[in-house]
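1. fold the following for me, if possible:
(2 chains, ligands or ions: 2)
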Number of protein chains: 2
Amino acid sequence: MSKGLPKRSEDYSQWYNELVKRADLAENSPVRGCMVIKPYGFSIWEKMQAALDQMFKATGHTNAYFPIFIPKSYLSKEASHVEGFAKECAVITHYRLKNAPDGSGVIVDPEAKLEEELIVRPTSETVIWSTYKNWIQSYRDLPLLLNQWANVVRWEMRTRLFLRTTEFLWQEGHTAHATAKEAEEETIQMLNVYADFAENFMAVPVIKGVKTPSERFAGAVDTYCIEALMQDGKALQSGTSHFLGQNFAKAFDVKFASKEGKLDFVWGTSWGASTRLMGALIMTHSDDEGLILPPKLAPIQVVIVPIFKNADQLATISEKASQLKKELLAKGISVKYDDRDTQTPGYKFADYELKGVPVRIAIGPRDLENGTAEVARRDTKEKKVYPMNELVSQVETLLQDIQQNIYQKALAFREANTTQVNTYAEFKEVLDNKGGFIFAHWDGTAETEEKIKEETKATIRCIPLNNEQEEGICMYSGQPSWQRVIFARAY
Amino acid sequence: MSKGLPKRSEDYSQWYNELVKRADLAENSPVRGCMVIKPYGFSIWEKMQAALDQMFKATGHTNAYFPIFIPKSYLSKEASHVEGFAKECAVITHYRLKNAPDGSGVIVDPEAKLEEELIVRPTSETVIWSTYKNWIQSYRDLPLLLNQWANVVRWEMRTRLFLRTTEFLWQEGHTAHATAKEAEEETIQMLNVYADFAENFMAVPVIKGVKTPSERFAGAVDTYCIEALMQDGKALQSGTSHFLGQNFAKAFDVKFASKEGKLDFVWGTSWGASTRLMGALIMTHSDDEGLILPPKLAPIQVVIVPIFKNADQLATISEKASQLKKELLAKGISVKYDDRDTQTPGYKFADYELKGVPVRIAIGPRDLENGTAEVARRDTKEKKVYPMNELVSQVETLLQDIQQNIYQKALAFREANTTQVNTYAEFKEVLDNKGGFIFAHWDGTAETEEKIKEETKATIRCIPLNNEQEEGICMYSGQPSWQRVIFARAY
Ligand SMILES: [Zn+2]
Ligand SMILES: [Zn+2]
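-> Numbers count the residues shown, from 1 in each chain, chains lettered A, B, ... in the order given. Ligands and ions are numbered 1, 2, ... in the order given. This next block holds a predicted model:
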C-alpha cells in the first residue's frame, strides 16, 4: 500500500528510504550497514544480472570466481591502491571461537590468531593479479577476459539501502592485454556496455565521461564512468571502467613474452557495476505512489485484477483471465493473475502501483458483458478500455511504449536540469536552487577542484567523452580553460 | 593435454587433484584453503546453478539475499547450532587498517575494534530467522519459500579443491511454514529436487535417506541427504535437506497467529547444495584421459576439429564446419569450432578429451571427398564415420545416449559395489578390500556408530527412505535390529 509514502517534494530522502522498504526491495539487517535484499528487490536485480551477463558474454568475457579473502600484505603492493582501499575494511584476525568459561556464550579463541590478517575483499584486483601471474606467460595467453559476480565489503560509516552499504553485490571484470591500445579499447567497450544497459534496459539516460585524477580508482591510470541524474538534482555514478595501465602487472610482476620473444608487463582493465544500480533505477523513475519500473526489468510486467461481488462472477472472470494470461505468456510477457479474495481491488491497485508493475488489467462484470477490459499504465496512470481480442497486441505495444516513455521523460528531466554557468556566483546559485548537472570551466588543477568541493559539496562528475573544446576561464581561479566539465552534488 | 595425468588405479587422490587443475576447473589460491574457480570450471557450475535455480522456482521458491556477516551472539541462540558452527570460522574483530608507523605497510588499527565480533556466515539460519521474525506475523505470511545463492566460509584444516574448501559457493533454501506436516513435506520435496538434479542432469545415481542423530545438521530435527558413490568406493554426500522443527523459530522468537487467532512458533526447513557437487561430477564419470561430462552440463557439447595440411584445405573444411555449427546451434547444441593453426589435431583431441567435451567431430580432406565426418564420443571413445547430411540428427541422438550411458555405467558401478554383510569381520574385510556401500544391521545407538567409526573410519551414510524392514542383529553389538543401514567411508 502506498498510503503514507512521503512526497518527493517534501522529503526526497525519506521518500526513497520508505519506498525501498514498502515496495519490498530491501531493508536494513541486524548487521550494521549490511542490507537484506528482499525477494521482490532481488528479482529485479536478477533481471539486471541476466541482461548484463549476456552483454559481457557477447563481448567475449567468461565468468570465474576468486577468493573473498585478501591477505593484508597484498593491499600494500600497489602503492595508490592501498591508500584507497586499506582504510575502512573488515579485518579477520582469528579463525576460531570457543565456549566462554563462564557459560555465557562463545568468545574468540585467543590461540586461533592468524599469522597474517585477512581482509574481506573491497575489490579484487590484488588477488586476481596475483593469480594472473601464474596464468600468463606468453602473448598466446592474452587477452584474458574474465568477470566475476560477487559480494564485496567496504566499511561505510553512513549507509543507505542500495546506494551505500557495507556489503554489496556487484560484478567486477578484470582483463589482461598485450598492448595499451587493446586495454584502452576494452575499457571504452565496457563503458559503452554499461551505458547501453543503463539506457536500453534501465531506461536511465547517462553521460559517459572520464574522471579527474583526484576521482580516479585507486590504482588506475584512467577511470571512466557513466553518470545519471536523479529527480532531486543529484548525480549518481552508475558504473565505472578503469584503464589500469601496467600498474597491477608491475605490483604483482605479471609479464608476458611477445611474439618476438620480448618480455613486457601486461596491460590491464577492471570495470564494475553494483546493486547501486538499483538505487539509480528507483530514483530515476518512481513517483509519490511508488515504484515505476521499465518493462524490461520488471519481474511482473502485467497484473490482472478481477473485480467481483461473488464467487460466480469470479469464476467467469477467472476463465477469461486465465486465457488472457496464457496468451500473454506465449508472447514472453510475465503476468500475474491476482485472484485473492482477502484483499479488495482498491488495495491491489495501490499495491501494484507501489511495486511499479508497468501494466494493470482490470476485468469486472461490465467488461464481461461488453467483452472488454480496462488497461492502466503505471507511468502515466492513463486508463483505456479495449476489446478482449485486442488486448494482447495492445499490451505488447504498451510495454514498448512505457519503456520508451520513461526514458524520454528522464532525458527531458536531465536536459531541463543541465545548466551552463560562467561565474562561481552563478554556479553556487544554480547548485543551491536548481541542482542538476552544471557545465562550467575549470582550470584543470586538483587544488581548484578540492576547494570547490569543500565550499559547495559539488564534485566534478566527469569530463564528457568527445567533449566540446571551448576556450574560457575557470569560474573559480580565473585561469585559462579549454573545456567545460560537469559538476554536481552526488550520491 | 592429458599427458602425465596419474592413473586412477595407481593414485586416485592424486588423479583427482591433477585432473581438477589440468582440466582448468579450479586451483588453490594464495589464501589458504580458498580456491579459484577457473573459467571452464565455473561455466560448468553456472550450468548447474541454472538448472537448480529453475527447479527451485518451479517449486515456488524465490531468491533473496542476506548479509554475509553474523553477529557472534547469534550463533549462541540455538543451542546445538552453536556447537556445530561456532568452532572453526572466520572472525572479524576490526574494521580499519592504517599505515604502519615504520612505513613497512599497513597494520590493523587497534582503535577500530568492533564491540561485538562478526562471523563470516558458515550457513545463514541465524541471520535469516532473525529477519523472519519481522516478516512473519500471521498464517497469511506463510509459507515463506526463499533461497539464496551465496558464498560461505568454514575454517577447514585440511582442504581439497571442490570437496572441502574454506570458502565455497552454494545455495541455501530457508522456508517457514504453519504446520509441521507442511515443513516435513517441503523437506522431502527438496530432497527429491536434489536427487532429480543429480540423476537427470549430473547423471549421478544417488540414494536418498535420513541421517542418524549424530550426523544431523546442528539445529535440525531431521537431516535428509542424497549419497553418491565415487569410483574409489568412497561415498560423497551431495545435498542435504533439513527439517528444523520449531528450533530456530524458538531461538529467534518467530511466532504466527493461526486462522483461529492462536499464536504458535513457526516450522522451518533449510536445504543446501554446494560446489562440492563439482567434485561428485568429476569423480563419478571421469577416466584416466580426463573429464567425462554429462551433455546436459557440458559448456561445450560438441567440438569440431579440422584436419588440414594447408590453408586451402582449411578454407574448404571451414566452410563445411561453419554450416554444420550453424545447424547444431539451431538445435540448441553448444558447439566450438577449433580452427587454430598453432596446435596439431592430436593436441586438440587430447585437450578436449581432458576437458570432457562429449562429442568430437573431425573433418579431414578425405571426408571432404566422401561428404563425411568422423564422430567420436568421449564416454566410450567409440568413433564412427557419418555422411554430412546425417550428422545433426546423429549428434542429437548421441548426446542423449551419452547422458543415459554414463548414468547407467555409474549405476552399474554402484550396484557392483554395494554389499550386504552380516558380521563385523566381513564388514571390515569388504571395507578394506572392496569399499563401496555396505548394508549392515546396526543397533541404533550412537555408541555403536561411534565405535565403528573410530575403528574403521566408516560412517553411517544414511538410513534409506522407505527402507526394507528386516529383523537381524547388530554386526557390532549383537543387539537386535530391524533394518540395515548404509555404511561407507566418505569424502
Ligand atoms: Zn563520472
Ligand atoms: Zn547421507
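
2. show me where the stretch 51-200 of chain A has strands.
-> Along the stretch 51-200 of chain A, counting by DSSP state E, counting those that start in this stretch, strands occupy A:62-63, A:69-71, A:88-99, A:106-108, A:113-120, A:144-153, A:167-177.

3. now for the ones you listed, which one comes closest to ligand 1?
-> Ligand 1 lies closest to strand A:167-177 among these, at 17.0 Å (Cβ to the ion). C-beta coordinates here come from the backbone N, C-alpha and C atoms, glycine included.

4. quick one: strands adjacent to that closest one?
-> In the sheet, strand A:167-177 lines up against strand A:144-153 (antiparallel), strand A:267-274 (antiparallel) (DSSP bridges).

5. dump those strands to CSV, plus mean pLDDT and mean neighbour count.
-> Converted to CSV, the strands paired with strand A:167-177 look like this (pLDDT from 0 to 100; neighbours: other Cβ atoms under 10 Å in any protein chain shown):
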stretch, mean pLDDT, mean neighbour count
strand A:144-153, 98, 20
strand A:267-274, 98, 26
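
6. just the helices in the stretch 301-450 of chain A please.
-> Using DSSP state H, counting those that start in this stretch, the helices of the stretch 301-450 of chain A run over A:311-330, A:345-354, A:365-370, A:391-416, A:424-433, A:446-456.

7. and the last one with helix A:424-433, angle?
-> Pointing back at helix A:446-456 there. Using axes from the mean of the first three to the mean of the last three Cα atoms, to 10 degrees, the inter-axis angle of helix A:446-456 relative to helix A:424-433 is 50 degrees.

8. tell me the contacts of the residue of the stretch 151-300 of chain A found nearest ligand 1?
-> Proximity to ligand 1, evaluated over the stretch 151-300 of chain A using Cβ to the ion, is greatest for A:Cys225 at 3.5 Å. Counting by Cβ atoms under 8 Å, 6 or more residues apart in numbering or on different chains, A:Cys225 touches A:Leu191, A:Lys208, A:Gly209, A:Val210, A:Lys211, A:Gln237, A:Ser238, A:Gly239, A:Thr240, A:Ser241, A:Arg461, A:Cys462.

9. identify the residue nearest the fifth one in space, chain neighbours excluded?
-> Closest residue to A:Lys211 in three dimensions, ignoring its sequence neighbours and counting by Cβ to Cβ, 6 or more residues apart in numbering or on different chains: A:Thr223, at 4.2 Å.

10. tell me the mean pLDDT for whatever helix or strand that neighbour lives in?
-> Here A:Thr223, judged by DSSP states H and E, is contained in strand A:222-229. For strand A:222-229, mean pLDDT is 98.

11. and the helix or strand just after that strand, what other elements does it pack with?
-> Per DSSP H and E, the first helix or strand lying C-terminal to strand A:222-229 is strand A:235-245. In terms of contacts (3 or more Cβ pairs under 8 Å, 6 or more residues apart in numbering or on different chains; DSSP states H and E), strand A:235-245 is packed against helix A:180-200, strand A:222-229, strand A:267-274, helix A:276-285.

12. partner strands of the second one, with direction?
-> Think strand A:222-229. Strand pairing for strand A:222-229, determined by DSSP bridges: strand A:207-210 (antiparallel), strand A:235-245 (antiparallel).

13. looking at these, which is buried most?
-> Mean neighbours per residue, mean count of other Cβ atoms under 10 Å in any protein chain shown, is largest over those for strand A:235-245, with a mean of 25.

14. how far off helix A:180-200 does that one point, in degrees?
-> For strand A:235-245 against helix A:180-200, the angle by the same axes, to 10 degrees is 160 degrees.

15. A:Glu88 contacts A:Arg158, doesn't it?
-> No: using Cβ atoms under 8 Å, A:Glu88 is not in contact with A:Arg158; the gap is 11.4 Å.

16. between these two, who's got more neighbours?
-> A:Glu88 (17 against 6; other Cβ atoms under 10 Å in any protein chain shown).

17. for B:Ser258, see how far away the more buried one is.
-> For A:Glu88, the distance to B:Ser258 (Cβ to Cβ, to the nearest Å) stands at 47 Å.

18. same check on A:Glu468?
-> Look at A:Glu468 and B:Ser258: by Cβ to Cβ, they are 68 Å apart.

19. more neighbours: which of those two?
-> B:Ser258 (13 against 9).

20. distance check, that one against B:Tyr139.
-> 5 Å.

21. what is in contact with the two at once?
-> Taking Cβ under 8 Å, 6+ apart as the criterion, B:Ser258 and B:Tyr139 both touch B:Ala178.

22. which of the contacts of A:Cys225 scores worst on pLDDT?
-> Among the contacts of A:Cys225, A:Ser238 has the weakest pLDDT, 91.

23. just checking, it touches A:Lys208?
-> No: A:Ser238 is beyond contact range of A:Lys208, at 10.7 Å (criterion: Cβ under 8 Å).

24. what do these two both touch?
-> Common neighbours of A:Ser238 and A:Lys208 (Cβ under 8 Å, 6+ apart) are A:Cys225, A:Ile226.

25. alpha carbons of stretch A:438-454, as CSV, please.
-> Coordinates of each C-alpha in stretch A:438-454 appear next as CSV, following Å, rounded to 0.1, in the frame of the first residue of the first chain:
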residue,chain,number,x,y,z
ILE,A,438,26.4,22.1,-14.2
PHE,A,439,28.8,22.6,-17.1
ALA,A,440,31.5,25.0,-16.1
HIS,A,441,35.1,25.9,-17.0
TRP,A,442,37.7,24.6,-14.7
ASP,A,443,41.4,25.2,-14.7
GLY,A,444,42.3,21.6,-14.6
THR,A,445,44.0,21.6,-11.1
ALA,A,446,43.3,19.4,-8.2
GLU,A,447,43.5,22.4,-5.9
THR,A,448,40.6,24.2,-7.5
GLU,A,449,38.6,21.0,-7.7
GLU,A,450,39.2,20.4,-4.0
LYS,A,451,38.3,24.0,-3.0
ILE,A,452,35.0,23.9,-4.9
LYS,A,453,34.2,20.6,-3.3
GLU,A,454,34.9,22.0,0.2
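
26. would you mark the buried spots in that stretch?
-> Of all the residues in stretch A:438-454, those buried under the rule 16 or more other Cβ atoms under 10 Å in any protein chain shown are A:Ile438, A:Phe439, A:Ala440, A:His441, A:Trp442, A:Asp443, A:Gly444, A:Thr445, A:Thr448, A:Glu449, A:Ile452, A:Lys453.
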